[in-house]
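>>> sequence-free structure coming up:
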C-alpha cells in the first residue's frame with residue numbers, strides 16, 4: 001500500500017495555508033499547515049512536498065490522472081529513501 005496517495009495531494013491542495021506541506025512522520029503521510037523546514041510543524045517530519053510546489057507542478061487545470069501520477073512519483077521517491 002502506498003504511503004503517498006492522491007488523497008494526500010487533494011488534502012494539500014485544499015489547505016487554506018499557503019505554506020502547507022505534505023510530510024511523513026513515523027511512516028504516516030499527513031498535511032501540516034506550515035513547512036517544518038521553516039520552523040513550524042513536527043521536527044522529525046520528512047517533507048515530501050509543499051502546496052506551492054504541487055501547484056507549480058500541476059498547473060491550474062490539473063486532472064485526476066495528473067494528480068495520481070504525481071502521487072505515484074512522490075511515493076516511489078519516498079520508497080527509494082527507505083520511507
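Structure's in. What do you need? Because the structure is predicted, anything quoted here is derived from the model rather than measured.

>>> the longest helix seen in the chain: which residues count as buried?
Using DSSP state H, we find that the single longest helix of the chain is helix 64-80. For helix 64-80, burial by neighbour count (16 or more other Cβ atoms under 10 Å) applies to 67, 70-71, 74-75, 78. All C-beta atoms are positioned from the backbone trio N, CA, C, and that covers glycine.

>>> next, format the residues you listed as CSV and append distance to residue 52.
As requested, the buried residues of helix 64-80 are exported to CSV (distance: Cβ to Cβ, whole Å):
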residue, distance to residue 52
67, 16
70, 14
71, 17
74, 15
75, 20
78, 19
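
>>> which of these sits closest to residue 28?
residue 78 (11.7 Å; Cβ to Cβ).

>>> please report how far the residue lying farthest from the centre of the chain lies from residue 67.
Within the chain, the residue lying farthest from the chain centre (Cα atoms, centre = their mean) is residue 61, at 18.5 Å. Distance of residue 61 to residue 67, given as Cβ to Cβ, to the nearest Å: 12 Å.

>>> next one: residue 9
Taking Cβ to Cβ, one finds residue 9 at 5 Å from residue 67.

>>> contacts only, for residue 10.
Counting by Cβ atoms under 8 Å, 6 or more residues apart in numbering, residue 10 touches residue 67.

>>> assign a three-state SS to it, would you?
helix (DSSP: H, G, I helix; E, B strand; the rest coil).
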